[in-house]
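Peer 1: just coords:
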């Protein structure tokens, strides 16, 4: 990708279309030295974390309810399908009318991440249920104990394994919402500002920072998953 970038720059020869590699990294150094960037970074990460944790809790809770009660699963099936197919751009624009630029990115990220967590958790729980359902019924394990002492601990590693990619996707959705909302003190807001003033090196540098943050989040979740697997072993 780095080689393609360099070749494309020499082919285009237009800094307003594609900035040079070294100019972009020089701009990244200037961005890191600015206090405004770190305030924006903290705001974006906070919104991403709120959306991630809220969708995680909601997805796990409703997946557990769906495994225990078939009517819940039947009710949620069309809801999840609708949330998966609704255009993200339309959701952001609608939320901007109903809320404000600080809240809209969080809500749109939650609406995108929740179906992913629900599907991942439900798939893990279905596998566990197929393997242990007869055993639980034979020993007459109460539903509450089955959920909290069997389903949740066994499904946790598989859900955590998927959390890295979902977390990085949440970052992407949150930044996209911030760009459209022009959220104050956010990476998306800085991107919108760079676009308005045609500061392409700054825009490219912020994009690379966002990509690096996504890689870091995925790596952190993967390390946690491996630590849990080793601890259980």
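Peer 2: Thanks, I have it. Bear in mind that the values here come from a model prediction, so they are computed numbers and not experimental data.

Peer 1: please identify the buried residues of stretch 70-77?
Peer 2: Residues of stretch 70-77 classed as buried: 73, 76 (neighbour count, 16 or more other Cβ atoms under 10 Å). Using the backbone N, CA and C atoms, a C-beta is placed for each residue, glycine as well.

Peer 1: ditto for stretch 27-36
Peer 2: Buried residues in stretch 27-36 (16+ other Cβ under 10 Å): 27, 28, 31.

Peer 1: list the residues that contact the residue nearest in space to the middle of the chain.
Peer 2: In the chain, the centroid-proximal residue (Cα atoms, centre = their mean) is residue 170; its distance is 1.8 Å. The contact partners of residue 170, by Cβ atoms under 8 Å, 6 or more residues apart in numbering, come to 48, 51, 52, 55, 109, 112, 113.

Peer 1: ok, now with 6 Å
Peer 2: Residue 170 is in contact with 48, 51, 52, 109, 113, counting by Cβ atoms under 6 Å, 6 or more residues apart in numbering.

Peer 1: in which helix or strand does it reside?
Peer 2: helix 152-181 (DSSP states H and E).

Peer 1: next SSE after that helix?
Peer 2: Using DSSP H and E, the first helix or strand after helix 152-181 is helix 187-196.

Peer 1: centre of the chain to that next one, how far?
Peer 2: From the chain centre to the centre of helix 187-196 is a distance of 20 Å (Cα atoms, centre = their mean, to the nearest Å).

Peer 1: and if you look at stretch 149-169?
Peer 2: Mean C-alpha position of stretch 149-169 versus that of the full chain (Cα atoms, centre = their mean) differs by 14 Å.

Peer 1: run through who's touching that stretch.
Peer 2: 52, 113, 116, 120-121, 124-125, 128, 214, 217-218, 221-222, 225, 228.

Peer 1: any idea how far the residue lying closest to residue 222 once chain neighbours are set aside is from residue 216?
Peer 2: Spatial nearest neighbour of residue 222, chain neighbours left out: residue 164 (5.4 Å); criterion: Cβ to Cβ, 6 or more residues apart in numbering. Separation of residue 164 from residue 216 (Cβ to Cβ, to the nearest Å): 10 Å.

Peer 1: okay, helices next: where are they in this structure?
Peer 2: Assigned by DSSP state H, the helices in the chain fall at 2-12, 21-32, 35-68, 70-85, 88-98, 104-138, 143-146, 152-181, 187-196, 200-232.

Peer 1: a markdown table for the ones you listed, including mean pLDDT?
Peer 2: Conversion of the helices of the chain to a markdown table gives the following (pLDDT from 0 to 100):
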| stretch | mean pLDDT |
| --- | --- |
| helix 2-12 | 86 |
| helix 21-32 | 90 |
| helix 35-68 | 92 |
| helix 70-85 | 89 |
| helix 88-98 | 80 |
| helix 104-138 | 82 |
| helix 143-146 | 72 |
| helix 152-181 | 86 |
| helix 187-196 | 91 |
| helix 200-232 | 86 |
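
Peer 1: what number of residues lie near residue 184?
Peer 2: Around residue 184 there are 12 other residues, counting by other Cβ atoms under 10 Å.
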